[in-house]
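Q: When you get a sec, could you give me coordinates for this:
(chains A and B)
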There are 2 protein chains.
Amino acid sequence: MTATMRPTAAPAAPGSLARCRDTVTPALRAAVERLDESSRAISAYHLGWTDANGVPVQGNGGKAVRPALAVLSAQAAGASPETGVPGAVAVELVHNFSLVHDDLMDGDTERRHRPTVWSLYGAPSAILTGDAMLALAQEVVLDSGSPHAIAAGRLLAETTRRLIHGQFLDVSFEQRDDVTLPECVTMAGGKTGALLSGSAAIGAVLAGAPAAVVGALTRYGEEIGLAFQLVDDVLGIWGDPAVTGKPVFSDLRAHKKSLPITYATGHGGATARELAGWLAGAETGDETELARVAGLVESAGGREWAMAEAARRVATAETAIAGLPAGPRAELIEIARFIVGREA
Amino acid sequence: MTATMRPTAAPAAPGSLARCRDTVTPALRAAVERLDESSRAISAYHLGWTDANGVPVQGNGGKAVRPALAVLSAQAAGASPETGVPGAVAVELVHNFSLVHDDLMDGDTERRHRPTVWSLYGAPSAILTGDAMLALAQEVVLDSGSPHAIAAGRLLAETTRRLIHGQFLDVSFEQRDDVTLPECVTMAGGKTGALLSGSAAIGAVLAGAPAAVVGALTRYGEEIGLAFQLVDDVLGIWGDPAVTGKPVFSDLRAHKKSLPITYATGHGGATARELAGWLAGAETGDETELARVAGLVESAGGREWAMAEAARRVATAETAIAGLPAGPRAELIEIARFIVGREA
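A: Sure, this is the predicted structure:
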């Protein structure tokens, strides 16, 4: 048995996620319909709507945190949920564009217990489908009819470029042995913070909200994005494979310079040096060895720091939106707390 | 010696290309400056501004047909060349995004006599740099300050999706033996027609031109796009390697279902059948064999048809813009004629 993460009371997914997903899904499906037949079929598979033979399947399509943020963002600005929908569709498309390209770049063959796009359809199809989703995301925002569509489109493009920057840093870290914690935080801010931040702001932008409201939501999204990544990184070491769908100790197997690991290598004397030495090596080791390495990260404080930092980020996020209307604010807070408590 | 294509009087590049390039380059450089450091460095290399070590080099950056069309498009709508510049930068970025991704998908190791991005920096960097260029293209249009930026951004996104559709068809043709000429024309319309058409229209869209003007320029661009691809395909078989920078008979080596080849397999009795049989096979053959196959395409009428069809498309393009102001129209016509007469 390996030591996996199983809090006694993992919070149930907030009802707002399912409600917002129901609001957004018809528009997302309509957008995907506009794609050429190849991109459309492959996107439908990737989004969990069809199986590998193109046969429709029932699936919940993941947590859909980003579209929910976009919808609640519009409501936090006093607008209707519908005002946020084009933004929600767009951020979900950008998220999935990046997953399709990421899986190819990382050579990952499985996602959510199913073959990844490139492993099923080939690398060219994964590249082209991702490209098509990215172009479509912009189109959806520009077609929204919102008088603030230009600002929303600019936000989407800037967000995408920050996301790409984060991924570039992630790739560059693979060749380095001297990644610092601030660099790692910058990388996570790009890879995860940017899109959660953009998602939390885009509904308000489409609603023409004042800068203070957009700024508060941006800050909220940035902070929960970091919290999201911190928890993701903890799950990447101590997560339960049956729940996460990833191999046990997956990030250790990949020698990934994740946040808890980078914290540990910088904060633990002899343990830190032993860990750094192991990371710099090429061997993966068996499960016993990986459990030992996970123990090193933990005894150097990496796990505790990551969870405390995630909680701190969530608290900052809650403070950032203190001035927003109570209803959407309560749902945004619930989502933030769900993010740090989740198991997958 | 192999039979290469060398018309007696290849037209010199029109002065409008160099003039428009000079107008657009500062804005293109300023846009690329906004990219993250990795995308920026790799884009600068790809665009011919630096060598593989990041050292600035003198280069003319290619023919730059697309940005010239965007600038002339604004002028054809009665606006200043500057009105078209954001559109010109955007279409050049979309063009280069697609080249960077294409080279990776096709496994091509050289472009314009230099190593391709993926072969120099690796596949992940090629994917991410292309993605960043695509996002940036939209940003440039949305930042233009034009009251018609939304329409221009939508045109750009739709154009990109048509381009991707064309590339998907191109990839699918590799696995097929029954590609018809209409299918091949549709593919070329996506792969080349879409972006030349979008380029020829975007300046006018940014200028707020009436639908008739935008429509005429769209049609012009679509037609010269097809002509461009027809000539490209002829050069892919009979082009002079010293001029094109590609290996002799490059498209035959790749068993590519290009326009002249698809025409020939559909129009030549025994010769067509012999050609189709060779295409369906896997062998490449030596230069003598490839010269023989090129002869089959020629005797089945593929070369003559392609050049006649290119000339016909150019004539249609000229007719389409007959009602536009004389100055820009003359330059658009000069570019169209240059496209069919070029050697590389």
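
Q: Does the one helix or strand residue A:31 maps to reach chain B?
A: Per DSSP states H and E, residue A:31 falls inside helix A:15-33. No: if you take Cβ under 8 Å from any Cβ of the partner chain as the test, helix A:15-33 misses chain B, and the best it gets is 11.3 Å. C-betas here are computed from N, CA, C, even on glycine.

Q: and that helix, what other elements does it pack with?
A: Packed against helix A:15-33 by the contact rule (3 or more Cβ pairs under 8 Å, 6 or more residues apart in numbering or on different chains; DSSP states H and E) you find helix A:37-46, helix A:65-76, helix A:81-106, helix A:123-142, helix A:326-341.

Q: what is the mean pLDDT for it?
A: Mean pLDDT, helix A:15-33: 96.

Q: List the contacts of it.
A: A:40, A:43-44, A:47, A:49, A:60-61, A:63-65, A:67-68, A:70-72, A:81-82, A:85-86, A:88-89, A:92-93, A:136, A:139-140, A:331, A:334-335, A:338 (Cβ atoms under 8 Å, 6 or more residues apart in numbering or on different chains).

Q: Next, the buried residues of it.
A: A:16-17, A:20-21, A:23-25, A:27-28, A:31-32 (16 or more other Cβ atoms under 10 Å in any protein chain shown).

Q: Ok, stretch A:102-121 next?
A: Buried, per 16+ other Cβ under 10 Å, within stretch A:102-121: A:102-106, A:108, A:111, A:114, A:116-119, A:121.

Q: And for stretch A:298-313?
A: A:298, A:300-303, A:305-307, A:309-311, A:313.

Q: Give the burial count for residue A:233, as a bare number.
A: 27 (other Cβ atoms under 10 Å in any protein chain shown).

Q: OK, contacts around residue A:214?
A: A:77, A:201, A:204-205 are the contacts of residue A:214 under Cβ under 8 Å, 6+ apart.

Q: Doesn't it lie inside a strand?
A: No: counting by DSSP: H, G, I helix; E, B strand; the rest coil, residue A:214 is located in no strand; its state is helix.

Q: Quick check: it vs chain B, distance?
A: From residue A:214 across to chain B, the span is 17 Å (Cβ to the nearest Cβ, to the nearest Å).

Q: thinking again about what came up before, of the helices and strands packed on helix A:15-33, flag the one that's most buried.
A: helix A:65-76 (a mean of 30; mean count of other Cβ atoms under 10 Å in any protein chain shown).

Q: Could you tell me the angle between that one and helix A:326-341?
A: Orientation of helix A:65-76 against helix A:326-341 (axes from the mean of the first three to the mean of the last three Cα atoms, to 10 degrees) gives an angle of 160 degrees.

Q: Return the distance of helix A:65-76 from the chain's centre.
A: Averaging C-alpha positions (Cα atoms, centre = their mean, to the nearest Å) puts helix A:65-76 15 Å from its chain's average.

Q: what helices or strands is it leaning on?
A: Checking 3+ Cβ pairs under 8 Å, 6+ apart, helix A:65-76 ends up next to helix A:15-33, helix A:81-106, helix A:194-206, helix A:211-238, helix A:326-341.

Q: Check which helices and strands the second one sits against.
A: If I follow you right, that is helix A:81-106. helix A:15-33, helix A:37-46, helix A:65-76, helix A:117-121, helix A:123-142, helix A:149-173, helix A:194-206, helix B:123-142.

Q: ok, now how distant is the spatially most central residue of chain A from chain B?
A: What sits nearest the mean C-alpha location of chain A, by Cα atoms, centre = their mean, is residue A:192, with 5.1 Å. According to Cβ to the nearest Cβ, residue A:192 and chain B sit 16 Å apart.

Q: Repeat that for residue A:235.
A: The value you get for residue A:235 to chain B, if Cβ to the nearest Cβ is used, is 24 Å.

Q: how many other residues sit next to the residue nearest to that residue when sequence neighbours are not counted?
A: Among residues not flanking residue A:235 along the chain, residue A:244 sits closest, at 5.5 Å (Cβ to Cβ, 6 or more residues apart in numbering or on different chains). Here the number of neighbours of residue A:244 (other Cβ under 10 Å) works out to 19.

Q: List the contacts of residue A:244.
A: A:235, A:250, A:343-344.

Q: What is the nearest of those residues to chain B?
A: Closest approach to chain B among those (Cβ to the nearest Cβ): residue A:250, at 18.9 Å.

Q: How about the contacts made by that closest one?
A: Counting by Cβ under 8 Å, 6+ apart, residue A:250 has contacts A:236, A:239, A:244.

Q: for residue A:231, same thing?
A: A:306-307, A:310, A:339-340, A:342.

Q: again, but for residue A:216
A: Residue A:216 neighbours (Cβ under 8 Å, 6+ apart): A:320-321, A:323-324.

Q: Just the buried ones from those, in PyMOL syntax?
A: Restricted to buried positions by 16+ other Cβ under 10 Å, the PyMOL selection for the contacts of residue A:216 reads:
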select buried, chain A and resi 320+321+324
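
Q: Now, the contacts of residue A:216 that are in helices?
A: Among those, the members found in helices (DSSP state H) are residue A:320.

Q: ok, so of the contacts of residue A:216, who is nearest chain B?
A: The closest of these, once distances to chain B are taken by Cβ to the nearest Cβ, is residue A:320, at 25.6 Å.

Q: how deep is the closest residue to that closest one other than its chain neighbours tucked in, by neighbour count?
A: Among residues not flanking residue A:320 along the chain, residue A:219 sits closest, at 4.1 Å (Cβ to Cβ, 6+ apart). Residue A:219 sits with 18 neighbouring residues when counted by other Cβ under 10 Å.

Q: pretty sure residue A:219 is in contact with residue A:317, am I right?
A: Yes: with contacts counted by Cβ atoms under 8 Å, residue A:219 reaches residue A:317, the gap being 7.3 Å.

Q: The contacts of residue A:244 in helices, which ones?
A: Short answer: the contacts of residue A:244 in helices (DSSP H) are A:235, A:250.

Q: Looking at the contacts of residue A:244, state which has the most neighbours.
A: residue A:235 (20 neighbours).

Q: Enumerate every residue touching residue A:307.
A: Residue A:307 neighbours (Cβ under 8 Å, 6+ apart): A:230-231, A:234, A:340.

Q: pLDDT of the helix or strand containing it, averaged?
A: Per DSSP H and E, residue A:307 falls inside helix A:302-320. Mean pLDDT, helix A:302-320: 97.

Q: orientation of that helix relative to helix A:194-206 in degrees?
A: Using the same axes, to 10 degrees: helix A:302-320 against helix A:194-206 is 10 degrees.

Q: Report pLDDT for residue A:216.
A: For residue A:216, the model assigns a pLDDT of 98.
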